[in-house]
Every structure is written in C-alpha cells, then in structure tokens.
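1. Build the 3D model from these lines:
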Amino acid sequence: MKNFVRNEPLFSLCGLNCGLCVMHMGGYCPGCGGGEGNQSCSIAKCSIAHGNLQYCFQCKEYPCVKYVGMDEYDSFVPHRNRQKDFEKVQQIGIECYLQELQRKINILEQLLEKYNDGRHKTFFAAAVYLLELPDLQTVMQSLENQENIWDLSPKERTSIAVNSLENLANQRKIQLKLIKKPKNTK
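-> As a prediction, the model looks like this:
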C-alpha cells in the first residue's frame with residue numbers, strides 16, 4: 001500500500017512474522033510496511049486511521065472485528081500464533097521479541113541452506129514459525145551432532161531434518177501444515 005511504512009517490516013502490524021515468510025525470503029514482498037510492493041491491506045488502512053499504530057495490539061479496540069475468523073486459515077505463513085505472539089511482545093518487549101525472531105530467521109536460513117532438498121521450503125518455514133525457539137535450537141543441535149550427516153545425500157539430510165521437526169511438533173501437538181481455506185464450491 002503506497003505511503004504505508006513501518007519501523008519493523010519483519011513483524012507485521014497484524015502479528016504475522018513476515019521474516020519467516022517464503023514470499024519475503026524470495027524477495028517478492030518487502031514485509032509489512034516495507035515500502036514498494038506492499039499489497040493493499042485493510043488493516044494497514046485501519047492503522048493509518050487510528051494514528052499509525054505499529055501493532056494492532058496497541059489499539060484500544062483490539063481485538064476488533066477484523067480478527068474474527070482471521071486465524072482459521074493460513075496464507076504463505078501460519079496465522080495461528082498471532083495473538084500468542086502479541087502477548088509475548090507485551091510480556092518481553094518488542095526488542096527481545098525481534099531478537100528472538102532474528103534467531104528463528106537464522107535457523108530457517110540454516111535449514112534451507114543445509115537440509116533442504118529443494119522441495120521443503122514451505123515446510124521448514126511453517127516449522128520455524130510454529131515451534132518455539134528453544135525447541136528449534138534443540139533440533140538444530142541434534143542435526144549438527146549427527147555423525148556423518150554431511151556424507152549423506154541432500155534428500156537423506158532433508159528426511160532427517162523433516163522427521164526431527166515432525167516428531168517434536170507431534171510431541172507439542174502442533175500441526176506443521178498450512179491450513180488452506182477450502183475453495184468455494186458452487
């Protein structure tokens with residue numbers, strides 16, 4: 001949206017972690033309020049109307065009607081953690097939250113560089129988005145400690161990483177799959 005600029009484009013106005021989005025990582029989107037290329041966004045228009053708030057939780061009307069049903073389906077990133085992430089920001093502060101987000105971005109970059117066979121970008125992005133940082137750090141340490149992992153083919157390394165993340169997600173009762181809105185059938 002033209003003239004909509006925010007201080008922190010990697011953590012969106014509505015609570016999405018744009019820094020973990022495959023569209024942002026691929027250079028197709030500058031992140032929330034990142035300048036040129038922003039999509040038209042009703043929440044951005046609402047922010048402008050309410051004094052250019054940086055995050056929806058700062059609004060006295062939050063959570064408003066715009067949030068009803070908003071987290072039922074995902075887009076390029078999961079939508080399920082937005083309110084939880086807003087609560088976390090309010091508890092630990094935006095600077096600490098952004099540091100944690102940067103650590104998650106670094107983990108995602110490592111997964112994509114070292115463990116992706118070219119077919120699991122969306123899976124890894126969803127896993128990093130949905131799992132907590134300490135769990136991700138544990139998985140990464142486990143992967144790095146695997147003997148002879150670099151002797152394996154990319155496909156085998158991917159399989160080990162995917163299985164490790166899926167096992168952890170199952171323990172936490174987290175579904176590592178984007179929930180797509182069903183197509184409207186007439």
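2. now the helices for the protein?
-> 22-25, 42-49, 82-92, 94-114, 121-130, 133-144, 154-172 (DSSP state H).
3. helices and strands around the shortest one, which ones?
-> Helix 22-25 sits against helix 121-130, with contacts defined as 3 or more Cβ pairs under 8 Å, 6 or more residues apart in numbering; DSSP states H and E. For the C-beta atoms, the positions are set from N, CA and C on the backbone; glycine is no exception.
4. Next, the angle from the helix it packs on to helix 133-144.
-> Angle, helix 121-130 to helix 133-144, by axes from the mean of the first three to the mean of the last three Cα atoms, to 10 degrees: 130 degrees.
5. which parts of helix 121-130 are buried?
-> By neighbour count on 16 or more other Cβ atoms under 10 Å, the buried set for helix 121-130 is 123, 124, 125, 126, 127, 128, 129, 130.
6. likewise stretch 4-16?
-> In terms of neighbour count (16+ other Cβ under 10 Å), stretch 4-16 has its buried residues at 4, 6, 8, 9, 10, 11, 12, 13, 14, 15, 16.
7. which two from those residues end up farthest apart in space?
-> 4 and 15 (16.4 Å; Cβ to Cβ).
8. Show me the contact partners of stretch 86-103.
-> With contacts defined as Cβ atoms under 8 Å, 6 or more residues apart in numbering, stretch 86-103 is touched by 8, 10-11, 15, 17, 19-20, 55-57, 85, 133, 137.
9. Make JSON lines from those and add distance to residue 152 and pLDDT to it.
-> Below are the contacts of stretch 86-103 laid out as JSON lines (distance: Cβ to Cβ, whole Å; pLDDT from 0 to 100):
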{"residue": "8", "distance to residue 152": "38", "pLDDT": "87"}
{"residue": "10", "distance to residue 152": "32", "pLDDT": "91"}
{"residue": "11", "distance to residue 152": "35", "pLDDT": "94"}
{"residue": "15", "distance to residue 152": "38", "pLDDT": "93"}
{"residue": "17", "distance to residue 152": "30", "pLDDT": "94"}
{"residue": "19", "distance to residue 152": "29", "pLDDT": "93"}
{"residue": "20", "distance to residue 152": "26", "pLDDT": "95"}
{"residue": "55", "distance to residue 152": "43", "pLDDT": "93"}
{"residue": "56", "distance to residue 152": "44", "pLDDT": "93"}
{"residue": "57", "distance to residue 152": "44", "pLDDT": "94"}
{"residue": "85", "distance to residue 152": "35", "pLDDT": "94"}
{"residue": "133", "distance to residue 152": "26", "pLDDT": "97"}
{"residue": "137", "distance to residue 152": "22", "pLDDT": "98"}
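10. Between all of the residues you listed, which two are at the greatest distance?
-> 56 and 137 (29.0 Å).
11. More neighbours: which of these two?
-> residue 56 (23 against 14; other Cβ atoms under 10 Å).
12. contacting residues for that one?
-> By Cβ under 8 Å, 6+ apart, the contact set of residue 56 is 13, 14, 15, 43, 47, 62, 63, 64, 66, 67, 86.
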